[in-house]
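Engineer: what's the 3D shape of this:
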Amino acid sequence: MTDDGTTAAAATGTLGYEQARDELIEVVRRLEAGGTTLEESLALWERGEELAKVCRRWLEGARARLDAALAHPEESGEGGDGAA
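Structural biologist: Predicted coordinates:
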């Protein structure tokens with residue numbers, strides 16, 4: 001990996017959930033396969049941590065949106081189908 005950390009952090013900020021998840025899966029696969037130098041393994045680990053943070057932010061955002069929609073069903077565009 002040639003990223004200097006700031007480039008990697010900036011790049012993860014623009015990733016969608018699925019992109020970050022897929023890249024994280026690849027990072028984990030490479031770490032589990034072994035055969036990398038210590039430096040490469042550390043770089044992969046750091047990238048994995050950044051990707052995990054991106055995924056966590058996306059999931060927390062989705063949870064917040066769901067909680068808000070469930071707390072105020074009349075604002076979500078649903079007719080009167082919800083429980084009273």
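
Engineer: In the chain, where's the longest helix?
Structural biologist: Selection of the longest helix in the chain by residue count, based on DSSP state H, yields helix 38-71.

Engineer: for that helix, what is the average pLDDT?
Structural biologist: Average pLDDT, helix 38-71: 97.

Engineer: other SSEs contacting that helix?
Structural biologist: helix 6-13, helix 17-33 (3 or more CB pairs under 8 Å, 6 or more residues apart in numbering; DSSP states H and E). For the C-beta atoms, the positions are set from N, CA and C on the backbone; glycine is no exception.

Engineer: Check these for me: which has the lowest mean pLDDT.
Structural biologist: It's helix 6-13: among the helices and strands packed on helix 38-71, that one has the lowest mean pLDDT, namely a mean of 59.

Engineer: From Leu66, how far off is Leu31?
Structural biologist: Counting by CB to CB, to the nearest Å, the separation of Leu31 from Leu66 is 32 Å.

Engineer: nearest residue to the residue nearest the centre of the chain other than its sequence neighbours?
Structural biologist: Nearest to the geometric centre of the chain sits Cys55, at 1.3 Å (CA atoms, centre = their mean). Leaving aside its sequence neighbours, Cys55 sits nearest to Ala20 (CB to CB, 6 or more residues apart in numbering; 5.1 Å).

Engineer: got a list of what that neighbour touches?
Structural biologist: Applying CB atoms under 8 Å, 6 or more residues apart in numbering to Ala20 gives the contacts Thr12, Leu51, Val54, Cys55, Trp58.

Engineer: If we use 10 Å, what do you get?
Structural biologist: Shown in contact with Ala20 (CB atoms under 10 Å, 6 or more residues apart in numbering): Thr12, Thr14, Glu50, Leu51, Ala52, Lys53, Val54, Cys55, Arg56, Arg57, Trp58.

Engineer: Out of those residues, which end up buried?
Structural biologist: Among the contacts of Ala20, those scoring as buried are Thr12, Glu50, Leu51, Ala52, Val54, Cys55, Trp58 (criterion: 16 or more other CB atoms under 10 Å).
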